[in-house]
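Undergrad: here are the coordinates; sequence isn't available:
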């Protein structure tokens, strides 16, 4: 009986010793810190920024309208029936917008205002001896648009955009026609409304700073400029107000 008791005590001592050694071995293992995962970038939020670029009008036309006498003078070469020229200049301004991201797709809205340095003065001479000057200029342009895009990678947004456009346009014309025996002049300054359509790409450098490159085409409709009455004719010149712009921008996302 004594031997059995001693054997049991021995086994218990061995078990406690083994468990203590095992616990000691576990304590000596290095503790691995959990890896912190960086949160995925999201385009959701409100942003504001600045932009700068270049705007140009290509092939804007002036066409003669008005009464039958004006069209007859134009048909006989004593009045300009139409003329086409281009103008361009630098643009710069600011924008304010908001985005909401759903998976890889982004929907948003943006409004902007830009100052334009776009103007053109064109002199003309006709074979009949008629001569004169046409002048176009714009001092500012604004748009309010929706943006729809997708993100091929988290930090890159490719988008299309479209909406309303509005801006100031100024037109003036001066025509002298020895053959018709008349001199006509007129001007008009107006705020016009139309539409804009374009596309762009935007990249997030940090969680708050993004940069973009964007193209827009805009159309503000037409302007009719009455040139008064002379030599029995009351011509009206119709000018078109459309153009293109390419701009780079920098945004801060709140």
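TA: Right, received. Where do you want to start? Treat the numbers as computed from the prediction; the structure is a model and nothing was measured. Numbering: from 1, shown residues only.

Undergrad: verify the stated contact: residue 50 with residue 91.
TA: No - using CB atoms under 8 Å, residue 50 makes no contact with residue 91, being 11.5 Å away. Heads up, the C-betas are built off the backbone N, CA and C, glycines and all.

Undergrad: compare the two and say which one has the larger neighbour count.
TA: Ranked by neighbour count (other CB atoms under 10 Å), residue 50 and residue 91 place residue 91 first, with 23 against 15.

Undergrad: distance check, that one against residue 167.
TA: In this view, residue 91 and residue 167 are 11 Å apart by CB to CB, to the nearest Å.

Undergrad: now residue 215
TA: On the measure of CB to CB, residue 215 and residue 167 end up 17 Å apart.

Undergrad: of the two, who's got more company?
TA: The neighbour count for residue 215 versus residue 167, taken as other CB under 10 Å, is higher for residue 167 (24 against 14).

Undergrad: ok, residue 231 touching residue 179?
TA: No - using CB under 8 Å, residue 231 is not in contact with residue 179, being 9.6 Å away.

Undergrad: tell me which helix or strand comes right after the helix or strand containing residue 72.
TA: In this assignment (DSSP states H and E), residue 72 forms part of helix 68-75. Counting by DSSP H and E, the element after helix 68-75 in chain order, helix or strand, is strand 82-102.

Undergrad: show me what that next one packs onto, helices and strands only.
TA: Counting contacts by 3 or more CB pairs under 8 Å, 6 or more residues apart in numbering; DSSP states H and E, strand 82-102 packs against strand 45-66, strand 105-125, strand 131-153, strand 235-253.

Undergrad: residue 225: which of the ones you listed is closest?
TA: strand 235-253 (4.7 Å; CB to CB).

Undergrad: list the pairing partners of the closest one within its sheet, with orientation.
TA: strand 45-66 (antiparallel), strand 209-226 (antiparallel) (DSSP bridges).

Undergrad: ok, and for that strand, which residues are buried?
TA: Within strand 235-253, the residues scored as buried using 16 or more other CB atoms under 10 Å are 235-243, 245, 247, 249, 251, 253.

Undergrad: same question for stretch 111-122.
TA: Buried residues in stretch 111-122 (16+ other CB under 10 Å): 112, 114, 116, 118, 120.

Undergrad: state the distance from the last one to residue 55.
TA: Taken as CB to CB, the spacing of residue 120 relative to residue 55 amounts to 12 Å.

Undergrad: ok, the fourth one next?
TA: From residue 118 across to residue 55, the span is 5 Å (CB to CB).

Undergrad: between those two, what contacts are shared?
TA: 88, 89, 91, 243 (CB atoms under 8 Å, 6 or more residues apart in numbering).

Undergrad: looking at those residues, spot the one nearest residue 204.
TA: The closest of the shared contacts of residue 118 and residue 55, once distances to residue 204 are taken by CB to CB, is residue 91, at 24.1 Å.

Undergrad: thinking again about what came up before, would JSON lines of the buried residues of strand 235-253 with pLDDT be doable?
TA: Below are those laid out as JSON lines (pLDDT from 0 to 100):
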{"residue": "235", "pLDDT": "94"}
{"residue": "236", "pLDDT": "93"}
{"residue": "237", "pLDDT": "91"}
{"residue": "238", "pLDDT": "91"}
{"residue": "239", "pLDDT": "90"}
{"residue": "240", "pLDDT": "89"}
{"residue": "241", "pLDDT": "91"}
{"residue": "242", "pLDDT": "91"}
{"residue": "243", "pLDDT": "92"}
{"residue": "245", "pLDDT": "95"}
{"residue": "247", "pLDDT": "98"}
{"residue": "249", "pLDDT": "98"}
{"residue": "251", "pLDDT": "98"}
{"residue": "253", "pLDDT": "97"}
